[in-house]
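> I would like the atomic coordinates for the input below:
(2 chains)
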Amino acid sequence: MSALPRAGELGLIGCPVCGQVCDAAGADGGALACPRCGSTLHRRKPAVYARCWALLIAAFLMYIPANVLPIMRTASLGDIDDNTILSGVVELWVKGSPGLAVIVFCASIMVPMLKFLALGTLLITCRRGSRWARRQRAQLYRLVELIGYWSMLDVFVVALLTALVRFGLFSLVEPLPGVVFFGLTVVLTMFASMCFDPRLIWDGKEDSDD
Amino acid sequence: MELSPPDIPTDTTAVHALLICEHCDTVHRRCPLARGQVAECARCGAVLERCRGMGANALLALILTALLVFAQATLWPIVTLGLNGQYVDATLWDVIHTMWIDHSQVVAALAALTLFVFPMCKIFMLGWLLLYARSGRRAPGFRRLMVTLHYLGPWTMSEVFVLGALVSIVKAHLYFDVQPDPGIYAYAALMLLITVFAGVDLTRLWDETSEDSP
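Below is the predicted model:
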């Protein structure tokens, strides 16, 4: 046994909801419930790879129309202008504030891409039982969980502008289907990262320096 | 009555003195933490537990503040736009309503849940739990509420909305007169309160309250 014992080796399970340390004996037969909060206990979350890949692929499929389709239509005096996420960022950079353009770019383009890449990498490396950069991969997962929901930024911008700009025929803002796909992308990637079990990163052979 | 110092486990059975890192399954022995100290997992670096500097009374006061600020953020207009002497303002409800009638029901539902329903549930549930936790008791429905709070965790997005409002103001500023309204300030205050609450380890409520209410 290494210097840092893991719950599986000691026959224990940590409750994911309340943190209670539970005795894992008897878990092999059927489902075990946490004595304190009643949540179902698993050694590892069930069907991690199948669920996570399914949600991730679904999110990626939503992400394509979210970027290709326009998310917002601005019309004033018969001048109709459809904006995609990227063109919105460019407009903000050119006419508004470059600082905010960078923030929007990070939230709506970089964060979803990072989530696809990060979760994909985690799933592949865990499946192969890789020992490569375990600590960094654990940090990567926590980063994904931390920044995930900031991608909703653009959805809220479209919603707020739509509600604000309604001066009759003279000028208006309309939401277009892209924004729906984008919202779904964010929700699906959030579910995908919740389905992943970071304990898998540390399963398999121990590092020599552990 | 103040809570007992959260670092002295109420019972000292062997299992209670242990902590399992939820990120890597490493078993740690629980150490007493001083105020503001954070225990980190030696294997993966995740936060195991943190000692909050506030008692249940202070947290309850913060929750009541959050409730007031939340009511203001929801009911008051956020921004006013002006064009040729016409003025339009919008509250959160206008945002949700407009998205609903503009054929973006998915977005309307997302906004209603993440900006109104879930944050409100969180505030009321925490308030209810803390009301009893002040005297070390478990509120009726404690178990179910704690589990629900755990799952509600990532689904409140008020702070994202503040940044969204900021971006909207800058964008609208290109074409309209823009005035920030009281709602946006209430949201900014709410954002600060959320940041404070993010540092509070709520799972400790399990240890700090006793099962049998007097």
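
> Surely A:Thr162 is in contact with B:Thr98?
Yes: A:Thr162 is within contact range of B:Thr98, at 5.3 Å (criterion: CB atoms under 8 Å). For glycine as for every other residue, the C-beta is placed from the backbone atoms N, C-alpha and C.

> you'd agree B:Met54 is in a helix?
No: secondary structure assignment places B:Met54 outside any helix; it is coil (DSSP: H, G, I helix; E, B strand; the rest coil).

> burial measure for it, as a count.
Other residues within reach of B:Met54 by the criterion other CB atoms under 10 Å in any protein chain shown amount to 15.

> Okay, helices next: where are they in chain A?
In chain A, the segments counted as helices under DSSP state H are A:7-10, A:48-68, A:85-95, A:98-105, A:111-127, A:134-147, A:153-164, A:177-195.

> Next: chain B.
Assignment of helices within chain B using DSSP H yields the ranges B:56-75, B:92-101, B:105-111, B:118-133, B:142-152, B:158-172, B:182-198, B:204-208.

> Export the ones you listed to JSON lines and append columns for mean neighbour count, mean pLDDT and distance to A:Leu86.
Below are these laid out as JSON lines (neighbours: other CB atoms under 10 Å in any protein chain shown; pLDDT from 0 to 100; distance: least, CB to CB, whole Å):
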{"stretch": "helix B:56-75", "mean neighbour count": "18", "mean pLDDT": "92", "distance to A:Leu86": "31"}
{"stretch": "helix B:92-101", "mean neighbour count": "20", "mean pLDDT": "92", "distance to A:Leu86": "22"}
{"stretch": "helix B:105-111", "mean neighbour count": "21", "mean pLDDT": "93", "distance to A:Leu86": "19"}
{"stretch": "helix B:118-133", "mean neighbour count": "19", "mean pLDDT": "92", "distance to A:Leu86": "30"}
{"stretch": "helix B:142-152", "mean neighbour count": "17", "mean pLDDT": "91", "distance to A:Leu86": "33"}
{"stretch": "helix B:158-172", "mean neighbour count": "23", "mean pLDDT": "91", "distance to A:Leu86": "15"}
{"stretch": "helix B:182-198", "mean neighbour count": "17", "mean pLDDT": "89", "distance to A:Leu86": "27"}
{"stretch": "helix B:204-208", "mean neighbour count": "20", "mean pLDDT": "82", "distance to A:Leu86": "45"}
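
> Show me the one of the ones you listed that comes nearest chain A.
When these are ranked by proximity to chain A, the top entry is helix B:158-172, at 3.3 Å, counting by CB to the nearest CB.

> could you measure the residue of chain B positioned farthest from its centre against chain A, distance?
No residue in chain B sits farther from the centre than B:Asn84, which is 40.4 Å out by CA atoms, centre = their mean. Using CB to the nearest CB, to the nearest Å, one obtains 8 Å as the distance from B:Asn84 to chain A.

> now the helices of chain B in a markdown table, with distance to A:Arg135?
As requested, the helices of chain B are exported to a markdown table (distance: least, CB to CB, whole Å):
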| stretch | distance to A:Arg135 |
| --- | --- |
| helix B:56-75 | 33 |
| helix B:92-101 | 41 |
| helix B:105-111 | 35 |
| helix B:118-133 | 32 |
| helix B:142-152 | 26 |
| helix B:158-172 | 28 |
| helix B:182-198 | 23 |
| helix B:204-208 | 26 |
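
> could I get those as CSV with distance to chain A?
Below are those laid out as CSV (distance: least, CB to the nearest CB, whole Å):
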stretch, distance to chain A
helix B:56-75, 13
helix B:92-101, 4
helix B:105-111, 5
helix B:118-133, 11
helix B:142-152, 5
helix B:158-172, 3
helix B:182-198, 10
helix B:204-208, 5
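
> Relative to A:Ile85, which of those helices is closest?
A:Ile85 lies closest to helix B:158-172 among these, at 12.2 Å (CB to CB).

> Can you get me a residue count around A:Ala101?
Burial of A:Ala101, expressed as a neighbour count using other CB under 10 Å, amounts to 20.

> Also the one 3 residues further on?
The local packing of A:Val104 (other CB under 10 Å) involves 24 other residues.

> now A:Asp82
Neighbourhood size, A:Asp82 [other CB under 10 Å]: 15.

> Assess the claim that it and A:Met72 are in contact.
Yes: A:Asp82 is within contact range of A:Met72, at 7.5 Å (criterion: CB under 8 Å).

> Poorly predicted segments of chain A, please.
A:1-3, A:26-30, A:168-170, A:205-210 (pLDDT under 70).

> can we see that at 80?
Under the criterion of pLDDT under 80, the regions of chain A flagged as low confidence span A:1-3, A:24-31, A:76-78, A:166-171, A:204-210.
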